[in-house]
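Chemist: here is the input, now give the coordinates:
(chains A and B)
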Amino acid sequence: MNSIAILCTLLLSFNLLAQKAPIKFGKISDEELKMTEYEGDKSAAAVVLVDYGESVIAYNQTEGFQIEFERIRRIKILNKDGYDWANFEIPLYEKNNNDEKLNGLKAITVNLEGGKAVETKLGKDGIFEEETSENWKKVKITLPNVREGSVIDITYKVTSPYLFNFQDWAFQTTIPVKWSEYVARIPEYFEYQKYSQGYIPFKVNEQNPIRKSFTLGIKERSGGEGLSDGPSKTTFRTEAIEFIESNFRWVCENVPAFIEEPYMTSSYDYIAKINFELAQIREPNQPVELVMGTWENINKELLEATEFGGVVKRSNFLNKTVEELINGKSTNNEKMNAIYNYVKSNVQWDGNYRKYTDGNFKRVLDAKRGNSAEINLMLVSALQKAGLRADPVVISTRSHGFIRQSFPLSSQFNYVICAVENDGKLFLLDATDRSLSATMLPERCLNGVGFLISEDNSRWVDLNPSVKTKTITEATIELKKDAIVGQLQMTKGGYHGQHMRKDFLQMGKESYIKSIAEQNEWTVHSSQFENLTNLDEPIKEIYELTFSNESNLTDIIYLNPMIGSGIKDNPFKAEKREYPVDFGSPFELTTVIKVKIPEGYDVEELPASMAVSLPEKGGRFFYNIANINGEIALTSMFIINKGIYTQLEYQSLREFYAKAISKQEEQIVLKKSVH
Amino acid sequence: MRAYTALILFSLVVPAITSYCQSNYSVGLIPDGLKEGANVIVRNKEEHFNIKSKSSASFYSFEAITILNSKGREHAVKAVHYDLLTKVVRLQASVYDGNGKLIKKLKLSDFEDRSAASGYTLYEDNRIKIADLSTTHYPFTIELEYELDYKFLFYIPTFYPIWDEHMSAERAKYTLSFSDDNKPRHLIRNIGEEEFTFIEDKESQTWVFGGLKQFTRENNGPPWQELIPAIISAPTNFEYDGYTGNMSSWEKFGAWIMQLNLGRDNLSDETKLKVKELTKGLATIEEKSRVLYQFLQNKTRYVSIQLGIGGFRPFDAKIVDEVGYGDCKALSNYMVALLKEAGVYSNYTLIRAGRNMPPIEQTFPSTQFNHVIVSVPNGADTLWLECTSQLNSFNYLGSFTGNRPALVISEKGAKIVNTPKDEGENLVMRKLKVEIGENGYGTIDAHVTYLGLQHEKDNLNFIINTNKDAQKRWIEQSITLPSFQIKNFSFENFGQSTPKVIMDYSMSVERLASISGKRFFLSPNLLAKMPIKYPFSEDRKSDVLIQEAIVEVDTIEFSIPENIYPEFIPEDKSLSNQFGEYVVNYSFSEGKMIYYRKFVLNQGRYSVDEYEALCSFNKEVSRSDNTKIAFLTKT
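Modeler: Residues are numbered from 1 along each chain as shown, chains lettered A, B, ... in the order given. Okay, here's the model as predicted:
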């Protein structure tokens, strides 16, 4: 080799032809100062008039490529309830003294006083810095002189050496936003995957390539390599290089305030937002660096990552334990359960949602505590040692938001579970929750799909619950002279069973019975529980009860035969629904009740039987009641068939609940026989 | 330099305790009597607060607790608080299994360090070092040892040999050490004299406990303050961030606060002028206070910033003038300055704020407050101003600061004064007009009045000042009917001393009555069903407290379809006892039925003997509230 060209400096001369911000700091119009309410939402306490952000990747001689994020935001405070919007936080990432830097922070409050605009600038005494956690700090500011009618401008710039931390942009927040605009200028050397989410359409969504150039300084050294070349020589030259910069621009206008509703996964899933993930780096004269590309890449990366695939492959210390555990077990199913139970009972989940391990398995097992990755990767590793086909599955928990399959981003995942293939069937396991059997995932995991990581068969797998969640209430009721007595049996499967087990364990038997008796105003004479520890079977509670000691065998008796079971309150009281309803998993409530008609009484009237369904088999409710040989027999079922209902289905869901509740409130009428 | 020497000398007094590591934490050694009913056993606890001088102290803490079952799990999370003036000198922890075998050890750097700022605070310097020491197999034992160095002397951590229900203690020891002139005071609460040995000499006091049995807190029972054993201590002479004082009396403590606030009531010329302008022509203290309170509410907002002495001392009024924000101290101090400018004398007043907070120990002067308000002497009366809310009614304290002792600071000396109890009733009055159609559908027109503390119900006092959507959601959530549509509504807020909210709304209701065959069932109590709040329990051991009085008066006028007539009408009811009153009656006339209900619950404390009667009163009310009227269709 004769000469080596070394790329030493990249003199990028970006012409800073910044996209024009729609407002200028501190230049507030009369109209903005005078406004007293926001046309788009007259109930708003404050409104974001403009939020403008611009992220540019620029080159700096000493630091290399950096992201420069600049923002200007104008807020109108309409009433006192909006005062919180005068406080603001800027999170900054820091690691090994290489911090994201905040500069150019300016803020101003403008009030209209006697027809004149009066400005108050943010002073040093309104700025605070807080070390929030190991890698994050927050700069907190509070604006001076904020009143009803104030307009607040804030502008700042964050320079980040962390190219993976390209600022996402939320177009929506808890107050309305009149104009939100984000501009991203990215040279062709960097590729980011972008995805937008939410229920707000873009007003502008454009991408323009712009031809730009920069000067590259090149240092060349020749000779000095072999014996015949003589002394080395260094020469400098420059080279003009053209490149393409992509200018992206997104605008949302008149964005309504985001208001949280019951039965939502995570508010992050619903707000209008655009997200960025670094995909690849292709610097000139450098090999392409794939940061992210395809799901296949993510699969490969995870397999190779020390804190993921690495720990699964390389851990030897479990060998002996596994051998002991599977000793004498003949079927794969027995082996799976033995190992699952071992991990579950020997390592306690520390409550952290992780997809990577922090420590090695030995440390985790010694400490008897671990995060979701440590526990479930240990499970995968142990199952593999036992000769089972086990693989990790990365997922996004409900609180972390939906998975978007069209965007191969590993940041979409925050948690790991374990998949076992046995007799052509796939079992999903999570050993973090002791109140669940091997076949059930914790409810936090029920979030669509997960990605199975494997050397030869990586793929998407459904996270649907494998066990039906249902409660069956069966009772026999007898009306006596001074009391209503009977027997009651409740069988709870799936997540209903889990909730009951958790309550029972938490309270202990005595308190549990006491609380259930108090809630329903029952007197419990005897109780019996089945399958409390056998997690594979539905749990059963059986009681001998006095339902009520106020029975009057008067001429006419009115009685609600549901005796407190069934649905009591409609969770969907709000008339409107903006976002989907997410129950997590389907469920069923069945009630089977027999009422013995007391001697000397006839059935005067029974509620009419009824059946209603939700469209497209979304759910079903029926109520059947009849007098059969001196016994009133009631069967009622309430079935929710889907985990998720769209906002368009909301009205029918609300009505479905209302109908079921009303029906279940109806009474039977008994009358003394006339002789 | 002398202080430095003293510091070294006194630090020798702190005993070097490392021998505990040899202790045997095997669970088998716990006496059975202590295990009964317990989730956590304090195996050994030792605290030593050493007053080095009137401006410095050190604190040593050692704690070994065995967590018997998952119900005690939360106690395995350990946090140590510190700030700019409090240094963590050392901190370590160990975890042992049920046999007393060491499982793991944590050193200072294994603890997570984070800000302890609470959600409502913008900035404060409090930080914590925290670690979760729990493990999978119960029982296990955790051991925590740490030492703090205080560059001030102001408060002394309260000593609790046990600090939760279902917790027993094998051994606990508390030592206070001091030099002659810095002897602290102490107050022993909920501990019988036979439960400890007390050792005292010239420079120390020590309490040793052996075998403290667990207790259980019951629903609606006495507050924690009456249950948890505690030794509360406070210094006599003290110094905080360079400010010296003495807290042997409220008067002296107040003088220290006065000293901190001294000269911090400067206002800008502009504001002075404004005050003059606003109060011009106003004759009474009340008028002036009202107008200036309104000025404060419009000019300022609450922002909490706590730094060093700033935790006790307000910003100068001038700063509030400039920036328009402050915390309770700054805003109260500003209010006092505004009033002073108008020639109205007022007092900066310390208080322990919060709904149903236990009262302060009035006989034990020490730092027991968390909030500041302003009191304005007004002849025989006093006006009370809550300065952190922009929406509060003038002279209204409510459940946050009303009806409790407060420390009023003045040049003449500080003294404890009680804030007023609301004179008016905490009343909800509902007047409903209901039309029921033959199909069971109906409409409701409601006119509801909330008085007194009831206007704070589910944050109603805030909701009335927010937006229409939030108000509508509030109404929707307050209604228990399964399906309804609100057609229109309005709120009216009467911001007076006895606050009042009037709410009008109308709605259509599907299935107001349920029809089965020829019968028509109607639950006349549409909006105010009393739940079972006091369930009967045979083994009730402690008194029952009804914290807040309530009066509900409902008059519901139903228009009944012509084609039906009542088959069954529940009996009228009239109950009255020490707990309250309950009256229900039904009257019929020309296609109308009027349901009248009055429910009164008296605030009070009732003995165990009265418990059963309270439960049955509750049950009877609840049952009556849930009754249905049966109508028959005319044929």
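Chemist: which residue ranges form the helices in the stretch 201-350 of chain B?
Modeler: Assigned helices in the stretch 201-350 of chain B, in chain order: B:250-261, B:269-279, B:285-299, B:317-323, B:328-341 (criterion: DSSP state H, counting those that start in this stretch).
Chemist: closest approach to chain B from the stretch 501-650 of chain A, which residue is it?
Modeler: residue A:518 (3.6 Å; Cβ to the nearest Cβ). Where you see a C-beta, it was placed from the backbone N, CA and C, and this is true even at glycine.
Chemist: who's in contact with that residue?
Modeler: B:532, B:535, B:536, B:537 (Cβ atoms under 8 Å, 6 or more residues apart in numbering or on different chains).
Chemist: compute the number of surrounding residues for the closest residue to residue A:635 other than its chain neighbours.
Modeler: In this structure, residue A:635 finds its nearest non-sequential neighbour in residue A:624, 4.8 Å apart by Cβ to Cβ, 6 or more residues apart in numbering or on different chains. Residue A:624: 14 surrounding residues under other Cβ atoms under 10 Å in any protein chain shown.
Chemist: need the pLDDT of residue B:127.
Modeler: Predicted confidence (pLDDT) for residue B:127: 88.
Chemist: ok, now residue A:620?
Modeler: On pLDDT, residue A:620 comes in at 96.
Chemist: what's the one helix or strand it maps to packed up against?
Modeler: Using DSSP states H and E, the secondary-structure element containing residue A:620 is strand A:619-628. Applying 3 or more Cβ pairs under 8 Å, 6 or more residues apart in numbering or on different chains; DSSP states H and E, we find strand A:619-628 packed against strand A:610-614, strand A:631-640, helix A:650-664.
Chemist: okay, these in CSV with mean pLDDT, mean neighbour count and distance to residue B:226 next?
Modeler: Shown next, in CSV, are these (pLDDT from 0 to 100; neighbours: other Cβ atoms under 10 Å in any protein chain shown; distance: least, Cβ to Cβ, whole Å):
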stretch, mean pLDDT, mean neighbour count, distance to residue B:226
strand A:610-614, 94, 15, 53
strand A:631-640, 96, 19, 45
helix A:650-664, 92, 21, 42
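Chemist: let's have the ones you listed in a markdown table, adding distance to residue B:635.
Modeler: As requested, the helices and strands packed on strand A:619-628 are arranged in a markdown table below (distance: least, Cβ to Cβ, whole Å):
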| stretch | distance to residue B:635 |
| --- | --- |
| strand A:610-614 | 24 |
| strand A:631-640 | 24 |
| helix A:650-664 | 24 |
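Chemist: of all those, which lies closest to residue A:254?
Modeler: Closest to residue A:254 of these is helix A:650-664 (Cβ to Cβ; 23.1 Å).
Chemist: dump the C-alpha coordinates for the closest one into CSV.
Modeler: These are the backbone C-alpha positions of helix A:650-664, laid out as CSV (Å, rounded to 0.1, in the frame of the first residue of the first chain):
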residue,chain,number,x,y,z
TYR,A,650,-68.4,2.9,22.3
GLN,A,651,-72.1,3.9,22.2
SER,A,652,-73.2,0.3,21.8
LEU,A,653,-70.9,-0.8,24.5
ARG,A,654,-72.2,1.9,26.9
GLU,A,655,-75.8,0.9,26.1
PHE,A,656,-74.9,-2.8,26.4
TYR,A,657,-73.7,-2.2,30.0
ALA,A,658,-76.8,-0.1,30.8
LYS,A,659,-79.2,-2.7,29.6
ALA,A,660,-77.5,-5.5,31.5
ILE,A,661,-77.5,-3.4,34.7
SER,A,662,-81.1,-2.5,34.4
LYS,A,663,-82.2,-6.0,33.7
GLN,A,664,-80.2,-7.4,36.6
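Chemist: next, count neighbours for residue A:498.
Modeler: Around residue A:498 there are 22 residues (other Cβ under 10 Å).
Chemist: hmm, it is touching residue A:436, no?
Modeler: Yes. In this structure residue A:498 lies within contact range of residue A:436 using Cβ atoms under 8 Å: 5.8 Å.
Chemist: how about the CA coordinates for the strand holding residue A:620, as CSV?
Modeler: Extracted C-alpha coordinates of strand A:619-628, given in CSV (Å, rounded to 0.1, in the frame of the first residue of the first chain):
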residue,chain,number,x,y,z
GLY,A,619,-70.4,-9.4,23.3
ARG,A,620,-73.6,-11.0,24.5
PHE,A,621,-75.9,-10.6,27.5
PHE,A,622,-78.8,-12.8,28.3
TYR,A,623,-81.1,-13.2,31.2
ASN,A,624,-83.4,-16.2,31.5
ILE,A,625,-85.8,-16.8,34.3
ALA,A,626,-88.5,-19.4,34.8
ASN,A,627,-90.6,-21.1,37.4
ILE,A,628,-89.7,-24.8,37.3
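Chemist: what is residue B:559 paired to in the beta sheet?
Modeler: residue B:435, residue B:592 (DSSP bridges).
Chemist: I'd say it and residue B:591 touch.
Modeler: Yes. With contact defined as Cβ under 8 Å, residue B:559 and residue B:591 form a contacting pair (6.2 Å).
Chemist: these two: who's more crowded?
Modeler: Shown here are residue B:559 and residue B:591; by other Cβ under 10 Å, residue B:559 has more neighbours (16 against 11).
Chemist: look up how far residue B:442 lies from that one.
Modeler: Remark: distance between residue B:559 and residue B:442 (Cβ to Cβ, to the nearest Å) = 9 Å.
Chemist: same check on residue A:590?
Modeler: 31 Å.
Chemist: these two: which is more packed in?
Modeler: Between residue A:590 and residue B:442, counted using other Cβ under 10 Å, the more crowded position is residue B:442 (23 against 17).
Chemist: related to what we said a few turns ago, as JSON lines, the contacts of residue A:518 with neighbour count, secondary structure and distance to chain A would be great.
Modeler: Conversion of those to JSON lines gives the following (neighbours: other Cβ atoms under 10 Å in any protein chain shown; DSSP: H, G, I helix; E, B strand; the rest coil; distance: Cβ to the nearest Cβ, whole Å):
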{"residue": "B:532", "neighbour count": "16", "secondary structure": "coil", "distance to chain A": "6"}
{"residue": "B:535", "neighbour count": "17", "secondary structure": "coil", "distance to chain A": "4"}
{"residue": "B:536", "neighbour count": "17", "secondary structure": "coil", "distance to chain A": "8"}
{"residue": "B:537", "neighbour count": "15", "secondary structure": "coil", "distance to chain A": "7"}
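Chemist: need these in a markdown table with pLDDT, can you?
Modeler: Putting the contacts of residue A:518 into a markdown table (pLDDT from 0 to 100) gives the following:
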| residue | pLDDT |
| --- | --- |
| B:532 | 79 |
| B:535 | 82 |
| B:536 | 80 |
| B:537 | 80 |
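Chemist: quick one: average pLDDT of the helix ranked longest in chain B?
Modeler: Scanning chain B for the longest helix, with DSSP state H as the assignment, gives helix B:608-625. The pLDDT scores in helix B:608-625 average 92.
Chemist: in it, what's buried?
Modeler: Residues B:610, B:611, B:614, B:615, B:617, B:618, B:619, B:621, B:622, B:623, B:624, B:625 are the ones in helix B:608-625 that count as buried (16 or more other Cβ atoms under 10 Å in any protein chain shown).
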